[in-house]
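Engineer: got a predicted structure here, sequence first:
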Amino acid sequence: MGYPSEPHRQQQEAAAFAPPPQDPYRPQYTAGPDHLGGPPYGYGPPTPPTPPRRRLALVLALAIGVPVLLLGGAATAWFVLIEPVRDSIASASASPADPGPSAELPAEPATPPSEEPSQETAPKGDDDDPLTSRPGGTVTLTGLEPGSKVAVTLNEVYHDAAPTADSAQPRPGNRLAAVQLTLTNKGRVGYNDAPMNGAVMIDSGSQQYPFSISRVEQGLPFHWMTSIKPGDSLKGTVVFEVPEDAELVRFQFALNSGYAQQRGEWALR
């Protein structure tokens with residue numbers, strides 16, 4: 001048996017000590033920029049260093065604990081400094097000052113109760129004139145037109161007026177009543193109206209009665225187109241037809257055929 005030749009033996013030895021073939025699907029290990037080869041056969045890549053857990057826990061403890069300690073210290077200082085001041089203020093407000101043994105409170109003067117009955121203020125017009133009166137009294141009223149003002153005087157009240165012979169007679173069970181008025185123009189403009197339209201008679205049962213076209217012997221009626229210049233006066237009678245047993249208690253009058261806002265009233269009893 002012969003021996004292999006020298007070249008063939010060297011090839012066998014080189015193949016025995018050669019590193020295993022590199023897996024094409026496995027990434028090559030690089031130990032650094034100057035060493036592109038992998039580690040010795042049988043060694044894997046080095047294990048990454050373990051992060052220092054103790055140092056991380058210490059940092060977290062300091063980050064959370066320091067603010068908590070600061071807040072707790074501030075709250076303790078607030079209670080220590082503010083509590084005595086608050087207690088002193090509460091005690092001072094709870095206990096009034098002692099006036100001393102020689103101080104005496106002044107006696108309150110006794111106010112006797114008023115014996116005068118309270119009186120309701122009567123309604124008044126623009127010139128502070130009352131809008132209520134009694135027979136013989138005057139009430140000043142304003143009209144719808146700017147500058148319109150008339151003083152109305154209730155001269156007489158006739159509870160049972162006699163109708164004229166040529167006048168319309170009252171119906172059975174009724175009678176005629178009348179009032180005599182004097183109208184004085186106190187304004188800056190002329191007063192043109194039918195005064196009887198703004199006159200109303202009221203009985204004790206709050207029943208209202210408008211004027212009547214009847215004529216009475218106690219006086220002449222106003223004209224349907226009464227006109228009064230500023231400063232002038234006119235007198236006339238307004239007639240009403242009322243029941244025989246009616247008790248007349250109030251008379252009302254307003255300018256502009258009763259459409260003006262102000263209304264005068266005279267108490268008849």
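Structural biologist: On my side now, so go ahead.
Engineer: list the strands paired with the strand or helix carrying V152, with their directions.
Structural biologist: The secondary structure element spanning V152 is strand 149-161 (assigned by DSSP states H and E). For strand 149-161, the paired strands and their directions (DSSP bridges) read strand 138-142 (antiparallel), strand 174-185 (antiparallel).
Engineer: in TSV: those, plus mean pLDDT.
Structural biologist: Written out in TSV, the entries for the strands paired with strand 149-161 read as follows (pLDDT from 0 to 100):
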stretch	mean pLDDT
strand 138-142	97
strand 174-185	98
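Engineer: could you redo these as a markdown table and give each row distance to V216 and mean neighbour count?
Structural biologist: C-beta: built from backbone N, CA, C; applies to glycine. Written out in a markdown table, the entries for the strands paired with strand 149-161 read as follows (distance: least, CB to CB, whole Å; neighbours: other CB atoms under 10 Å):
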| stretch | distance to V216 | mean neighbour count |
| --- | --- | --- |
| strand 138-142 | 23 | 21 |
| strand 174-185 | 5 | 21 |
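Engineer: as TSV, those with distance to E217 would be great.
Structural biologist: Shown next, in TSV, are the strands paired with strand 149-161 (distance: least, CB to CB, whole Å):
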stretch	distance to E217
strand 138-142	25
strand 174-185	9
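Engineer: so for V157, which of the ones you listed sits nearest?
Structural biologist: Closest approach to V157 among these (CB to CB): strand 174-185, 5.4 Å.
Engineer: remind me which residues of this protein are low pLDDT?
Structural biologist: Confidence mapping of the chain against pLDDT under 70 gives the ranges 1-129.
Engineer: residue boundaries of the helices in it?
Structural biologist: Using DSSP state H, the helices of the chain run over residues 6-17, 53-94.
Engineer: and the spatially closest residue to A246 that is not a sequence neighbour, how far is that from P170?
Structural biologist: In this structure, A246 finds its nearest non-sequential neighbour in D203, 4.4 Å apart by CB to CB, 6 or more residues apart in numbering. With the distance defined as CB to CB, to the nearest Å, D203 ends up 15 Å from P170.
Engineer: repeat that for F222.
Structural biologist: 20 Å.
Engineer: what's the answer for L181, then?
Structural biologist: L181 is 21 Å from P170, by CB to CB.
Engineer: and what of P146?
Structural biologist: When CB to CB is the yardstick, P146 and P170 sit 41 Å from each other.
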